[in-house]
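Colleague: Pasting the sequence and the predicted model now:
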Amino acid sequence: METIDFTACKHLDFGDNYSATKNLVSAGGVTKIVWQRQNGQLCQFCALRGRINYITGCLTKEWARCNEYEEVQHSVPLESVDIT
């Protein structure tokens with residue numbers, strides 16, 4: 001299974017628990033994952049704080065939305081990402 005691997009805050013949730021779809025975005029020159037809600041809004045989902053209405057929120061320490069940012073390597077299956 002192919003994956004997209006990138007660093008971001010450990011609290012970001014890239015599971016399949018939302019009615020949003022996962023999409024790719026370039027953040028700091030690196031391809032990472034964002035969520036697109038049914039209304040077209042791009043966001044992130046945080047296990048601590050819920051929805052973050054910033055597409056780059058917590059993808060890097062520089063763009064962290066809180067003080068609990070802790071960088072980890074995420075590995076998301078490409079089959080779960082809408083790349084159309």
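Modeller: Now that the structure is in, tell me what you want to look at.
Colleague: Could you use CA atoms for every contact and neighbour count after this?
Modeller: Fine.
Colleague: Can you tell me what sits against the helix or strand hosting Val76?
Modeller: Following DSSP states H and E, one finds Val76 within strand 71-77. With contacts defined as C-alpha atoms under 8 Å, 6 or more residues apart in numbering, strand 71-77 is touched by 1-10, 14, 60-61.
Colleague: Helix or strand with the lowest mean pLDDT in this structure?
Modeller: strand 21-27 (a mean of 91; mean pLDDT, DSSP states H and E).
Colleague: tell me which residues in it are buried?
Modeller: Thr21, Lys22, Asn23, Leu24 (16 or more other C-alpha atoms under 10 Å).
Colleague: Return the distance of it from the chain's centre.
Modeller: Chain-centre distance of strand 21-27: 7 Å, with C-alpha atoms, centre = their mean, to the nearest Å.
Colleague: what's it packed up against?
Modeller: On a contact count with 3 or more C-alpha pairs under 8 Å, 6 or more residues apart in numbering; DSSP states H and E, strand 21-27 meets strand 30-36.
Colleague: Okay, now the sheet partners of the strand it packs on, with direction.
Modeller: Strand 30-36 pairs in its sheet with strand 21-27 (antiparallel), strand 42-46 (antiparallel), by DSSP bridges.
Colleague: what's the angle from the longest one to strand 71-77?
Modeller: The reference is to strand 21-27. Interaxial angle, strand 21-27 versus strand 71-77 (axes from the mean of the first three to the mean of the last three C-alpha atoms, to 10 degrees): 130 degrees.
Colleague: before we move on, what about the shortest one?
Modeller: Using the same axes, to 10 degrees, the interaxial angle of strand 42-46 with respect to strand 71-77 works out to 110 degrees.
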